[in-house]
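Undergrad: sequence isn't available, so here's the structure alone:
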């Protein structure tokens, strides 16, 4: 996709979505999670639209389509939602701070982001916890303990009541059929070995794919990392393609379900690299030309 004269200078770029890993670092997971839209985005709202206890995303765009919905179809975690009704001031309690024991503080800021607003309910993720004690600091200066709130529910707190009232429980929600996603090396038609694995998605007409081959050949030759290629070619053409591209690592046809899982905006971005750890679990999805050297450096995989 290329920018048109109707696109703005700031909105036409891949979107970013960050997830916090077990090591405390935040990694960009927009491509893996299907959020790498290149539409000219404007407002972004996070809300539990289907009532299943996790946050979905809605983005408005400058040009058509004017609305994009990103449904959260991952495994739901433990969470609760708290509606707030202030007696003094704004009834939706803008500026109130919710303190959740063992989790943190959640300020209510309704006007957040460019031309955006948020659900006035506070969404609190609990991880593996089943409940947490909640204290509300109202704008009037009153602070009150509203009790223990259990995971899996939406409740309401009214200023001065000193307790919460149930609104509804989360539902299973409507789940869209998930596309097969190669979260493990074993999900791909490749032999499994010890150590990390780098998988290149390629086709012969992709110039950046060809430019990556020498570094991947060198990486494969060192023997510390398994390198494989999955090509957009059938079985009969693949041997000739491999020879023409001067690949020394093993290659196989790219399965259609895997290609569909990595498609964005109706097409597969090439080159794309899948980086799996020694445990066989997907660590990174790297898309775009020129990204191989910094990735190898970051992962301490020397190709020289």
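TA: Received it, and whenever you're ready, just let me know what you need. Note that the structure is a prediction, hence the values are computed from the model and not measured.

Undergrad: pretty sure residue 31 contacts residue 284?
TA: No - using C-beta atoms under 8 Å, residue 31 is not in contact with residue 284; the gap is 9.5 Å. No exception for glycine: its C-beta is placed from N, CA and C like everyone else's.

Undergrad: where exactly do the helices run in the stretch 201-304 of the chain?
TA: For the stretch 201-304 of the chain, the helices defined by DSSP state H, counting those that start in this stretch cover 207-222, 238-244, 256-261, 292-298.

Undergrad: could I get those helices as JSON lines with distance to residue 279 and mean neighbour count?
TA: Output for the helices of the stretch 201-304 of the chain, formatted as JSON lines (distance: least, C-beta to C-beta, whole Å; neighbours: other C-beta atoms under 10 Å):
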{"stretch": "helix 207-222", "distance to residue 279": "19", "mean neighbour count": "17"}
{"stretch": "helix 238-244", "distance to residue 279": "28", "mean neighbour count": "14"}
{"stretch": "helix 256-261", "distance to residue 279": "20", "mean neighbour count": "15"}
{"stretch": "helix 292-298", "distance to residue 279": "18", "mean neighbour count": "14"}
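
Undergrad: closest one to residue 56 among these?
TA: helix 256-261 (19.9 Å; C-beta to C-beta).

Undergrad: what's in contact with the closest one?
TA: The contact list for helix 256-261, computed with C-beta atoms under 8 Å, 6 or more residues apart in numbering, reads 179-182, 187-188, 201, 230, 232, 268.

Undergrad: so of the residues you listed, which ones are in strands?
TA: Residues of the contacts of helix 256-261 located in strands (DSSP state E): 201, 230.

Undergrad: between the contacts of helix 256-261, which sits nearest residue 221?
TA: Using C-beta to C-beta, residue 230 is the member of those that lies nearest residue 221, at 19.8 Å.

Undergrad: let me see the confidence value for that closest one.
TA: For residue 230, the pLDDT comes out at 95.

Undergrad: ok, and the closest non-adjacent residue to it?
TA: Leaving aside its sequence neighbours, residue 230 sits nearest to residue 254 (C-beta to C-beta, 6 or more residues apart in numbering; 4.0 Å).

Undergrad: which residues are in contact with the one you found?
TA: The neighbours of residue 254, taking C-beta under 8 Å, 6+ apart as the test, are 201, 230-232.

Undergrad: where's it relative to residue 160, distance?
TA: Plainly put, residue 254 is 62 Å away from residue 160 if you go by C-beta to C-beta, to the nearest Å.

Undergrad: likewise for residue 292?
TA: In terms of C-beta to C-beta, residue 292 sits 60 Å off from residue 160.

Undergrad: now do residue 104
TA: Applying C-beta to C-beta, the value for residue 104 to residue 160 is 24 Å.

Undergrad: ditto for residue 229
TA: 66 Å.

Undergrad: so between the two, which is more surrounded?
TA: residue 229 (25 against 13; other C-beta atoms under 10 Å).

Undergrad: now the closest residue to that one other than its chain neighbours: how far from residue 125?
TA: Distances taken as C-beta to C-beta, 6+ apart place residue 251 nearest to residue 229, at 3.9 Å, with adjacent residues excluded. Distance, residue 251 to residue 125, using C-beta to C-beta: 42 Å.
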